[in-house]
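# This is the structure alone, sequence omitted:
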C-alpha cells in the first residue's frame, strides 16, 4: 500500500540554524500538507501546497518557514532560523485532490520528523 | 478552534466493541466528519469519514445522527493495538486543512 515517507526521523539542531525536513508524498497525489505537533499538544495545520504554490497557511507559518517541491517526488519544509519553540513533531500529508470529492480529499500522513532545537 | 467535542479518555476490554462519541453540533452542510487515530507519536492514521450516511470499512463503522450534530466511531472488536488517541475532525471541502482537537485516549485492556 502506498504511503507517505519522511526523512530524517529525528533531527537535532542548534538554535538559529536552518533545517530542511523532507517528505515523499504518495505518487499520484497532488496536494501536500505540513502539520506539526508540539509535545503533549494538538496536531496543528501549517500549510497546504498545490501546483507549486501555497494554497493556504496558518498563522504559525511565518516568514521563517518555506515549502518547496524541488523535483517530482520530494516535498520539503525549510525553517530558516530555528527557535527553541520550533521543537516538535512535523508531519507531512498528501491527498489526491482537495475540495472536490471527499473520497479523494482524504489526507494520508507520514510517520513524522522529530525536530529538537537546542 | 476544533469545533468538535470528545471525551478525554475511554476504556474498553479486548474483544469488545469500542464506541467513541463526538459532538459537532455546529457542523454545516458541506462539512464531512473525518476520524483519525494516533498511536504514540506516530502520524495520524486515517480511519473513516462520512457526510450524512452511516459508513463502514475494514477498520470501523461510523454512525452519524440524522441531524448531523454528533457521530460515533465503532471499533467492533477492539484489540490491544487499537490503544491510541482518536480524533474526530471536521473537514470542509472548500478549505484544505484538518482541524484536530484533543481527541479521546482509548485504552484497550486484556
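Nice, I can see it. Remember, predicted model here, so these are calculated numbers, not experimental data.

# As a check, name the ranges of all strands in chain A.
Using DSSP state E, the strands of chain A run over A:5-7, A:10-13, A:19-24, A:31-37, A:43-50, A:53-57, A:65-68, A:75-79, A:88-95, A:108-109, A:113-117.

# give me the element the residue lying closest to residue B:73 once chain neighbours are set aside is part of.
Using C-beta to C-beta, 6 or more residues apart in numbering or on different chains and skipping residues adjacent in sequence, the residue nearest residue B:73 is residue B:20, 4.4 Å away. All C-beta spots, glycine's among them, are computed from the backbone N, C-alpha and C. Secondary structure from DSSP states H and E places residue B:20 in strand B:18-23.

# Stretch B:34-51 near chain A at all?
Yes: residues of stretch B:34-51 contacting chain A under C-beta under 8 Å from any C-beta of the partner chain: B:34, B:36, B:38, B:41, B:42, B:43, B:44, B:45, B:46, B:49, B:51.

# Out of these, which sit inside strands?
B:34, B:36, B:38, B:45, B:46, B:49.

# I'd like the distance between residue B:22 and chain A.
15 Å (C-beta to the nearest C-beta, to the nearest Å).

# ok, how many other residues are close to that residue?
For residue B:22, the neighbour count with other C-beta atoms under 10 Å in any protein chain shown is 25.

# who does it bridge with?
residue B:71 (DSSP bridges).

# Give me the buried subset of the ones in strands among the residues of stretch B:34-51 next to chain A.
B:34, B:36, B:38, B:45, B:46, B:49 (16 or more other C-beta atoms under 10 Å in any protein chain shown).

# Determine which two of the residues you listed are furthest apart.
Maximum pairwise distance among these (C-beta to C-beta): 16.2 Å, between B:38 and B:49.

# got the angle between the one helix or strand in chain B whose mean pLDDT sits lowest and strand B:18-23?
In chain B, no helix or strand scores lower on mean pLDDT, DSSP states H and E than strand B:84-92, which sits at a mean of 90. Counting by axes from the mean of the first three to the mean of the last three C-alpha atoms, to 10 degrees, strand B:84-92 points 40 degrees away from the direction of strand B:18-23.

# so what does strand B:84-92 touch, helix or strand wise?
strand B:18-23, strand B:31-38, strand B:70-75, strand B:104-109 (3 or more C-beta pairs under 8 Å, 6 or more residues apart in numbering or on different chains; DSSP states H and E).

# what about residue 80, neighbour count?
Chain wasn't specified; assuming chain A. For residue A:80, using other C-beta under 10 Å, the count is 13.

# I was after chain B.
Using other C-beta under 10 Å, residue B:80 has 10 other residues around it.
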